[in-house]
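Undergrad: 3D model of this:
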Amino acid sequence: MPHFTHLDRENTMSNALETKLVEFMKTLLKLEDDVVLTPETNLIDEVGLDSIEAFEAVATLHDIMDVTIPEDFNAKSVSSLRQLALFVESHYSTEAIARFLNADMVELASGWSMSE
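TA: Numbering: from 1, shown residues only. Alright, predicted model coming up:
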């Protein structure tokens, strides 16, 4: 049986969170399957995410995790999904993150409406 260290668990959680954030953004923004979105993709420069879409994405993410957005949160400081994952990991409990990781994006998408 493999032995996992605390760092292994953190890396596994980070990878899972980044993967789920990619799925979340692709679903939320209704991106085509052929659009390549990675944890390093710059959401503003490469995807064209505007400030309203960024705020709506962050608000939706926080709704899923059932947490409030910190008053000092600056969406412009989180330009990639990796940066967003690091922010989430450093600010929220594993229970809140687990709610996001276990969420069904397709089911949730039926209730989402991004600004056109």
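Undergrad: In the chain, which helix is the longest?
TA: The helix spanning the most residues in the chain, taking DSSP state H as the definition, is helix 6-28.
Undergrad: Tell me who's in contact with Ala96.
TA: By CB atoms under 8 Å, 6 or more residues apart in numbering, Ala96 lies in contact with Met65, Asp66, Val67. (Glycine included, C-beta is placed from N, CA and C.)
Undergrad: Using the three-state scheme, assign Glu32.
TA: With DSSP: H, G, I helix; E, B strand; the rest coil as the basis, Glu32 sits in coil.
Undergrad: before we move on, back to that, how far is the longest helix of the chain from where the chain is centred?
TA: 8 Å (CA atoms, centre = their mean, to the nearest Å).
Undergrad: quick revisit: among the contacts of Ala96, which one sits closest to Ala109?
TA: The nearest member of the contacts of Ala96 to Ala109, counting by CB to CB, is Met65 at 16.4 Å.
Undergrad: gap between stretch 90-102 and the chain center?
TA: The chain centroid and the centroid of stretch 90-102 are separated by 11 Å, computed with CA atoms, centre = their mean.
Undergrad: where's the residue nearest in space to the middle of the chain relative to Glu71, distance?
TA: The residue lying closest to the centre of the chain (CA atoms, centre = their mean) is Leu21, at 3.4 Å. Leu21 is 22 Å from Glu71, where distance means CB to CB, to the nearest Å.
Undergrad: any idea where the helices of this protein begin and end?
TA: Under DSSP H, the chain gives helices at 6-28, 51-65, 81-91, 94-101, 105-109.
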